[in-house]
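[1] how would this look folded up:
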Amino acid sequence: MSEPRTRKTWNKDSIGVLLEHSDEALRRAIVFLYRQQTEAEKAAGATTDRNNRGFNAADAKQGVYMAKWILQNPDKPRNLTGKWVDIARNMVKKYAGQLADFANAEPQLSKPSPAVPTQRPMIVPAGKRTFIRA
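    Got it, this is the predicted structure:
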């Protein structure tokens, strides 16, 4: 019987090495950080919440710009080229800890269970009683 495979444990250094040598990892890191921004932050291209997720205030405008450029065609993400690769590498390496935390997290289910509602229940007042409608 074969032994179970162990998952690699990532740290800041190993993430840094990966980002330095892989354009695909760099692209995925930018998209991951972008997806950590709130919807308001994405729209504004700025960081407004201090939640330790996504880009910091100094990198938000450029990071959101790059992520939107990469994701213009979601079926075929674009790769950064030329000077943008160097700019992105210098920017993203400061997020190695956030990326390592994500890489080491337990995998989540990709789809919610059918028994779990996908929307928050709405409280609807009805006369003297209050009903919760899913």
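[2] find the centremost residue of the chain, please.
    Against the mean C-alpha coordinate of the chain, by Cα atoms, centre = their mean, the closest residue is Phe32 at 2.8 Å.
[3] mind listing what that one touches?
    99, 102 (Cβ atoms under 8 Å, 6 or more residues apart in numbering). (Each C-beta comes from the backbone N, C-alpha and C, glycine too.)
[4] now the helix or strand hosting it: mean pLDDT?
    Taking DSSP states H and E as the criterion, Phe32 maps to helix 23-36. Helix 23-36 shows a mean pLDDT of 94.
[5] cool, and stretch 73-89?
    Regarding stretch 73-89, the rounded mean pLDDT is 91.
[6] quick one: end-to-end distance for that stretch.
    22 Å (Cα to Cα, to the nearest Å).
[7] in that stretch, what counts as buried?
    77, 80, 84, 88-89 (16 or more other Cβ atoms under 10 Å).
[8] need the contact partners of that stretch.
    So stretch 73-89 is contacted by 19-20, 23-24, 26-27, 30-31, 62, 66, 69-72 (Cβ under 8 Å, 6+ apart).
[9] of these, buried ones?
    Burial by neighbour count, judged by 16+ other Cβ under 10 Å, picks out 19, 26-27, 30-31, 62, 66, 70 from those.
[10] quick one: which of those is nearest Gly45?
    Gln62 (8.7 Å; Cβ to Cβ).
[11] the nearest residue to the closest one once chain neighbours are set aside: what's it in contact with?
    Leaving out its chain neighbours, the residue that sits closest to Gln62 by Cβ to Cβ, 6 or more residues apart in numbering is Met91, at 6.7 Å. Contact analysis of Met91 by Cβ under 8 Å, 6+ apart lists 59, 62-63.
[12] over to Gly54?
    Neighbours of Gly54 in contact, by Cβ under 8 Å, 6+ apart: 33-38, 41, 47, 60, 63.
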